[in-house]
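Participant: Turn this into a model:
(2 chains)
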Amino acid sequence: MMNKTLCLNSALPTKDSNAPNFSQKVAALSQQAIHTCYQCGNCSAGCPAAFAYDLQVNQIMRAVQLNQEDLALSAKSLWLCLGCATCSLRCPNAIDVARVMETLRHLARQQNKITVPVVEKFWLSFLNCLRAFGRSYEIGTMVLYMLRSLRLTTDLDLAPQALAKAKLGLLPHTHAGRAAVGRIFTRFAESEAQSKRDKEASSCN
Amino acid sequence: MQLAYFPGCSAKGSSLDYELSTQAVMAALGITLKEIADWNCCGSTPAHAVSSLLSSALCARNLDLAARAGADLLATPCPSCLSNLKATSKRLEDASFRQKVNALLDAPCAETLPKTTSVMQAMAELVSLDELAQKAKLSLKGLKLVAYYGCLMSRPAELMQFEDPENPMLMERMLTALGAEMLDFPLKTACCGAAFGIPQRPLTAKNSGRILELAANLGADAIVTCCPLCQMNLDLRQAQAEKAMGRRFALPAPYYTQILGLALGLSPEDLGLAKLVVPMDGLLAKLTPKQAPLASEAPSSEVSE
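Facilitator: Sure, this is the predicted structure:
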């Protein structure tokens, strides 16, 4: 349901005509011609997560076109998008809509607008294990996620079958590359911190 | 024949049966899979959801390992790994992005990286349908199956280069060649709900439920899968999907390699069939020895032993 009105004024050029507006920024980061969306609605019609969305994909596309940054980045839909790319396949203007959604997720994260925190908690739990072991560690991810989200009974109904069929390795697989993967994560965290510092410095000037 | 191989993490955990059956089928077809040493996780959905750069650095390390092992083609059974590897190769064409990725690695990745493909496409490329049928020991005649590809085998279409992205037919061609009756399945590329079974169960239960319901309504003996996550959602999580849809399915969701393996005469142990949560007993009972080809179809030079 959409209860916020799209404000047309924000589509007008910004004061500083050199600074890219939100729509241009998303277009550049996603490398997609956002302005060609003409609201046919194919993306929303084919979206398997539409029933759970607060803002439908075509509405998000419109919000981006109209520079409604806060509206677009606060949408819970960004975190419920399954990444299946049905929208991208069916867009008559060949916009990779799933990539636009992913770009918006990245921007929302950077601005700390995480409107469905459990989803991010799950991802971070997965990445913590990956950083430590170099490969995914399913039980470790589940335990971290349950602790982080305080959803301590997640998938307990599956435990008897998963254990009986030995679906999950009890121990992480170790391999020589785990340290190299750890270093990738460390350098990534450093580069993120650096770009954050750069941004803060430039906004002060 | 040898093929550089990236198994992906699921192969060592929740989809061990996909790994077993992939290895067994490829061996039976005369193809040796050469696992790249010391590979790491592709980062899966969480890495690219957080950052394209992180995802690509994790994948670039694997592509580099394969390049240094002399591979010009790298195959993986997992559509999600493949999608991440392919997206990385594409992004690395941009020099400034490559520079950023290299900065995260211990050493810059090789200039020329191997092409990537799915095990399924590599198999189809190396073994013709006639050869596949010739190597079969059992017939799938009498089996009604639906093939389910999920999202990532064919999407994004330009990146994945897999069949008609809305209506892939590769599994249908293989399984038809082995005698199975393949039913039209309009949800063959619909999304199963991906990894949201953990943080947002209704998303996965409803989407998987819809897919299982259609397959059951069509009268399929099994829904044949090719992705570790799809398979888990349709099999291990089938009870959750049943609850969401308010009906029971009891529909087996084997990997295509398990079905191919059965036709090739491999044992249930070799194919990890005991790992399936919804058992395939009913389907196994329907398998019959392959009939000798009709005289009109095959030259009569082959004298029976």
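Participant: How much space separates the residue located most distally from the centre of chain A from B:Cys9?
Facilitator: Here chain A reaches farthest from its C-alpha mean at A:Ala164, the gap being 34.4 Å by Cα atoms, centre = their mean. Distance, A:Ala164 to B:Cys9, by Cβ to Cβ, to the nearest Å: 21 Å. (Each C-beta comes from the backbone N, C-alpha and C, glycine too.)
Participant: Next: A:His173.
Facilitator: According to Cβ to Cβ, A:His173 stands 8 Å off from B:Cys9.
Participant: shared neighbours of the two, anything?
Facilitator: Taking Cβ atoms under 8 Å, 6 or more residues apart in numbering or on different chains as the contact rule, A:His173 and B:Cys9 both touch A:Arg135.
Participant: Please list the residues of the stretch 201-305 of chain B that sit near chain A.
Facilitator: B:202-203, B:206-207, B:232, B:236-237, B:239-240, B:274-277 (Cβ under 8 Å from any Cβ of the partner chain).
Participant: And chain A, what are its domain boundaries?
Facilitator: A:20-110, A:117-187 (automatic domain parsing).
Participant: could those domains go into JSON lines alongside distance to chain B?
Facilitator: Output for the domains of chain A, formatted as JSON lines (distance: least, Cβ to the nearest Cβ, whole Å):
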{"stretch": "domain A:20-110", "distance to chain B": "4"}
{"stretch": "domain A:117-187", "distance to chain B": "4"}
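Participant: Let me know which of the ones you listed is tucked in deepest.
Facilitator: Comparing these by mean neighbour count (mean count of other Cβ atoms under 10 Å in any protein chain shown), domain A:20-110 comes out on top with a mean of 20.
Participant: Let me see the ranges of the strands in chain A.
Facilitator: In chain A, no segments count as strands under DSSP state E.
Participant: which residues of it score low on pLDDT?
Facilitator: For chain A, applying pLDDT under 70 flags the ranges A:1-17, A:204-205.
Participant: can you give me the helices for it?
Facilitator: With DSSP state H applied, chain A shows helices at A:22-30, A:42-46, A:57-65, A:69-73, A:77-80, A:86-90, A:97-110, A:117-133, A:138-149, A:159-164, A:178-204, listed in chain order.
Participant: and B:Phe249, which of those helices is closest to it?
Facilitator: helix A:159-164 (15.1 Å; Cβ to Cβ).
Participant: How far away from the center of its chain is that closest one?
Facilitator: Mean-position distance between helix A:159-164 and its chain equals 31 Å (Cα atoms, centre = their mean, to the nearest Å).
Participant: Residues contacting it, please?
Facilitator: For helix A:159-164, the surrounding residues in contact (Cβ under 8 Å, 6+ apart) are A:167-168, B:236, B:277.
Participant: Quick one: residues contacting the residue nearest the centre of chain A.
Facilitator: For chain A, the residue nearest the mean C-alpha position is A:Arg105 (3.2 Å; Cα atoms, centre = their mean). A:Arg105 is in contact with A:78-79, A:81, B:49, counting by Cβ under 8 Å, 6+ apart.
Participant: On the three-state scheme, the closest residue in space to B:Ala71 that isn't next to it in sequence is what?
Facilitator: Spatially, and ignoring its direct neighbours in sequence, B:Ala71 is nearest to B:Ala4 (3.4 Å; Cβ to Cβ, 6 or more residues apart in numbering or on different chains). With DSSP: H, G, I helix; E, B strand; the rest coil as the basis, B:Ala4 sits in strand.
Participant: Please apply the same query to B:Ala190.
Facilitator: coil.
Participant: Local confidence estimate at it?
Facilitator: B:Ala190 is assigned a pLDDT of 97 by the prediction.
Participant: For it, the count of nearby residues, please.
Facilitator: 21 (other Cβ atoms under 10 Å in any protein chain shown).
Participant: residue nearest the centroid of chain B?
Facilitator: Geometric middle of chain B (Cα atoms, centre = their mean) lands on B:Cys226, at 2.8 Å.
Participant: dump the residue contacts of that residue.
Facilitator: Taking Cβ under 8 Å, 6+ apart, we find B:Cys226 in contact with B:77, B:79, B:118, B:120, B:148-150, B:153, B:171, B:255-256.
Participant: if you set the cut-off to 6 Å instead, what comes out?
Facilitator: B:Cys226 makes contacts with B:Tyr256, as judged by Cβ atoms under 6 Å, 6 or more residues apart in numbering or on different chains.
Participant: how close does it get to B:Ser208?
Facilitator: Applying Cβ to Cβ, the value for B:Cys226 to B:Ser208 is 15 Å.
Participant: you'd agree B:Cys42 is in a strand?
Facilitator: No. With three-state DSSP as the criterion, B:Cys42 is coil rather than part of a strand.
Participant: I'd say it and B:Asn84 touch.
Facilitator: Yes. Between B:Cys42 and B:Asn84 there is a contact at 4.2 Å, judged by Cβ atoms under 6 Å.
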